[in-house]
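*Asks:* pasting the sequence and the predicted model now:
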Amino acid sequence: MPDQGNFALTCFLCAEPGRKWLSLNGDDRIEVVLKQLGSLFGVGFEVVKDEFVDSITSGWTEDPWAGWGCPFATRPPGLQLGVENASEKGGGLYFVGTEFATDWRGYMEGALRSGKEGAKQVLADLMLESQLK
């Protein structure tokens, strides 16, 4: 939430790597993720560890409302047909969903906000199209 100065990283651990990670205790889980982030960003474990504040883990397979989790791991913004959010279109298609949310990406709240913005865009485009005819 950049407007609030609150920055967070959301990670999805899936399939066999996710099951292995889930079998670790809480401290080991955090250490594994921080080591991977240190390697990913090329700054090392200690730098990431010094910046680390807290983590929240959600086991989606245990959540009765999640339907056993997300059907696929989220991809980075812009990867799906070159669009990042519902205000952009790809080949005449509008894209909405948690993967395209500007806030709360990866959560139901993000999916709802993205859907609302996408619906506004579609209606605005239909109104414009009807005015041009």
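*Replies:* Looks like it came in fine.

*Asks:* what ranges does the protein have for its helices?
*Replies:* Here the chain has its helices, by DSSP state H, at 15-22, 26-41, 45-51, 108-132.

*Asks:* any idea which of those helices scores lowest on pLDDT?
*Replies:* Lowest mean pLDDT of those: helix 15-22, a mean of 85.

*Asks:* distance check, residue 37 against residue 106.
*Replies:* Computed as C-beta to C-beta, to the nearest Å, the residue 37 to residue 106 distance reads 17 Å. Heads up, the C-betas are built off the backbone N, CA and C, glycines and all.

*Asks:* which one's more surrounded, those two?
*Replies:* For residue 37 versus residue 106, neighbours defined as other C-beta atoms under 10 Å are more numerous around residue 37 (19 against 16).

*Asks:* ok, the residue nearest to the more buried one when sequence neighbours are not counted to residue 2 distance?
*Replies:* Using C-beta to C-beta, 6 or more residues apart in numbering and skipping residues adjacent in sequence, the residue nearest residue 37 is residue 48, 4.9 Å away. For residue 48, the distance to residue 2 equals 20 Å [C-beta to C-beta].

*Asks:* compare the two (neighbour count), which wins?
*Replies:* Each of residue 48 and residue 2 has its neighbours counted (other C-beta under 10 Å); residue 48 has more, 18 against 8.

*Asks:* contact partners for the more buried one?
*Replies:* 34-35, 37-38, 41 (C-beta atoms under 8 Å, 6 or more residues apart in numbering).

*Asks:* pull the residues that contact stretch 15-35.
*Replies:* Residues from elsewhere that reach stretch 15-35, judged by C-beta under 8 Å, 6+ apart: 11-13, 45, 48-49, 52, 55, 57, 59.
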